[in-house]
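Need coordinates for the below:
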Amino acid sequence: MSFFVSLHQFSDFALLVLRLALGTVFLFHGLPKKGLWSAQPSAQMPAGLLTRLRILSIAEPAGALGLIFGFLTQLAALGLVIVMLGAITFLTTKVHRKFKEANAPGWEFEFMLLVGALVLAILGGGKYALDHVIFGL
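Have a look, this model is predicted:
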């Protein structure tokens, strides 16, 4: 049992790994959305949806970079929590996806991103973050 108790000393390293992994996923999912700035509204993508996706094209990479560098980590993570709540709401109400589909993607991946971002919003970036260096958090 003492082995598991001793793992607590690596909590700042664990937060670093979580920040880097989550930030990388959000960065790679957010960067392709920059192409939406040249898109025109259509029947498949009405103006309201296009506007929200354009906002996401800024919010996702900005939040991702905040996590990766550990700068304003809790604020960046909270923003990404809001993004993921919106994504899950869209998937459940408009696309009618279940948590786990039999032969199609559900929204379990979005849920894991939400939980990871929520953990960082609560715990912060740890001692290997710019927040620790700049603000002493």
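
and the longest helix belonging to the chain, how far from the chain's centre?
Ranked by residue count under DSSP state H, the longest helix found in the chain is helix 47-69. Per CA atoms, centre = their mean, to the nearest Å, the displacement of helix 47-69 from the mean C-alpha position of its chain is 10 Å.

in it, what counts as buried?
Judged by neighbour count (16 or more other CB atoms under 10 Å), helix 47-69 contains these buried residues: 50, 56-57, 59-69. No exception for glycine: its C-beta is placed from N, CA and C like everyone else's.

next one: stretch 13-27
Of all the residues in stretch 13-27, those buried under the rule 16+ other CB under 10 Å are Leu15, Leu16, Leu18, Arg19, Leu22, Gly23, Val25, Phe26, Leu27.

now those residues as JSON lines including pLDDT and secondary structure?
What follows is the buried residues of stretch 13-27, written out as JSON lines (pLDDT from 0 to 100; DSSP: H, G, I helix; E, B strand; the rest coil):
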{"residue": "Leu15", "pLDDT": "97", "secondary structure": "helix"}
{"residue": "Leu16", "pLDDT": "98", "secondary structure": "helix"}
{"residue": "Leu18", "pLDDT": "98", "secondary structure": "helix"}
{"residue": "Arg19", "pLDDT": "98", "secondary structure": "helix"}
{"residue": "Leu22", "pLDDT": "98", "secondary structure": "helix"}
{"residue": "Gly23", "pLDDT": "98", "secondary structure": "helix"}
{"residue": "Val25", "pLDDT": "97", "secondary structure": "helix"}
{"residue": "Phe26", "pLDDT": "96", "secondary structure": "helix"}
{"residue": "Leu27", "pLDDT": "96", "secondary structure": "helix"}
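
re earlier: quick check: which helices or strands does the longest helix of the chain pack against?
In terms of contact count using 3 or more CB pairs under 8 Å, 6 or more residues apart in numbering; DSSP states H and E, helix 47-69 is assigned the packing partners helix 11-30, helix 73-93.

Tabulate those in JSON lines, adding columns for distance to Ala129.
Shown next, in JSON lines, are the helices and strands packed on helix 47-69 (distance: least, CB to CB, whole Å):
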{"stretch": "helix 11-30", "distance to Ala129": "7"}
{"stretch": "helix 73-93", "distance to Ala129": "6"}
